[in-house]
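1. next one to model:
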Amino acid sequence: MKSFKNTKKFNRYINSNSIKRIHTGSIWTEGPCYFKKLNKVIWSDIPNNRMLCYDLNKVEIFRFPSNFSNGNCLDNEENLITCEHGARRVTKTDRNNNISLISDEYQNNRLNSPNDVCVHSNGTIFFTDPPYGIINQKRTEGFPGEIMYGGCYVFKCCPPSRELVAIITDMDRPNGIAFSLNEKKLYISNTGIQKYMRVYDVDKNLNLSNPQEFAKTDDKEVFDGFRIDAENNIWTSCGKGVKCFASNGETLGHLNLPEVVSNLEFGGKNGNMLFITATSSLYMINLNLIGAKFIK
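-> Modelled structure (predicted):
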């Protein structure tokens, strides 16, 4: 990561410079998601076709096989919403571990390989659909396939309807996605030929407008997955580290890690633990602020 001096504001967030590695031995970790009621975090190990979980005591297999799952989040009832590369779909897992379909088609064509997902407070699900699960011929993240609807879009849907609305169609590889603290902004990263993060205005009908480039990066420091904290800062994967931006685009600081970071999630009973998925491992660091979803 390029040389940068962390701001005083960012240094106040860091409870300790020690980042703890919780688990290793995976191939490519992704999609961390924290369950408040269960006090555990789950994440995906895509090439090993499994999901793991950590209850702050031990690591166990959460699901195997997992249909090469990638991104995960919770809906407003704490059901697990999962992007599955292998099945080219988005699913819901309820508290009894029953899996049901959210969506797998757009205009009667199969999705590519849903990647990352977030849920609005009214229950509408937003997800990105790049082709990473179908273009790798070595079958490390899914199964070889074709782009059937002619692009790589960002969609929204409002269960129980499975009808999808394409809300962004001009990104070649849409990837990470998250709402701002007040849900009036939506952040989406692109990991294709151009690497950047965009921000959109969101109106009361959940329509997007006014796309702006929020931050730009390069092949070595890709913005993959990200989360928002209680002060409306954006914490994002960025090469071998995590970068923190203020909502005005100012870079506040970064955390260095020994592996390429894919995604992150706020968790812990107090909401001040940052879980980080990075290549083969899951890491954790305590912060002096909480994630957005922990605001009461």
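2. from now on I want contacts and neighbour counts done on CA atoms only, so please keep to that.
-> Fine.
3. what about the helices in this structure?
-> 8-13, 132-135 (DSSP state H).
4. just checking, what packs against the last one?
-> Looking back up the chat, that one is helix 132-135. Judged by 3 or more C-alpha pairs under 8 Å, 6 or more residues apart in numbering; DSSP states H and E, helix 132-135 is in contact with no other helix or strand.
5. now it - C-alpha only, PDB.
-> This file holds the C-alpha atoms of helix 132-135, laid out as PDB (Å, rounded to 0.1, in the frame of the first residue of the first chain):
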ATOM      1  CA  TYR A 132     -16.400 -14.300 -11.700                       C
ATOM      2  CA  GLY A 133     -18.100 -17.600 -10.900                       C
ATOM      3  CA  ILE A 134     -18.600 -18.600 -14.600                       C
ATOM      4  CA  ILE A 135     -15.500 -17.300 -16.400                       C
END
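6. contacts for it next, please.
-> Outside helix 132-135, the residues that touch it by C-alpha atoms under 8 Å, 6 or more residues apart in numbering are 85-86, 112-113, 139, 141-146.
7. same check on stretch 215-225?
-> With C-alpha under 8 Å, 6+ apart as the test, stretch 215-225 has contacts from 1, 31, 116, 175-177, 189-191, 194-198, 236-240, 249, 262-264.
8. what residue lies at the spatial centre of the protein?
-> Nearest to the mean C-alpha position of the chain, by C-alpha atoms, centre = their mean, lies Gly225 at 4.2 Å.
9. do you know how far that one is from Ile147?
-> To Ile147, Gly225 is 23 Å away according to C-alpha to C-alpha, to the nearest Å.
10. of all the helices of the chain, which lies closest to Ile295?
-> Closest to Ile295 of the helices of the chain, according to C-alpha to C-alpha: helix 8-13, at 16.4 Å.
11. circling back to that earlier point, type out the ChimeraX command that picks the buried ones from the contacts of stretch 215-225.
-> Command for ChimeraX, covering only those of the contacts of stretch 215-225 found buried under the criterion 16 or more other C-alpha atoms under 10 Å:
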select :31,116,175,176,177,189,190,191,194,195,196,197,198,236,237,238,239,240,262,263,264
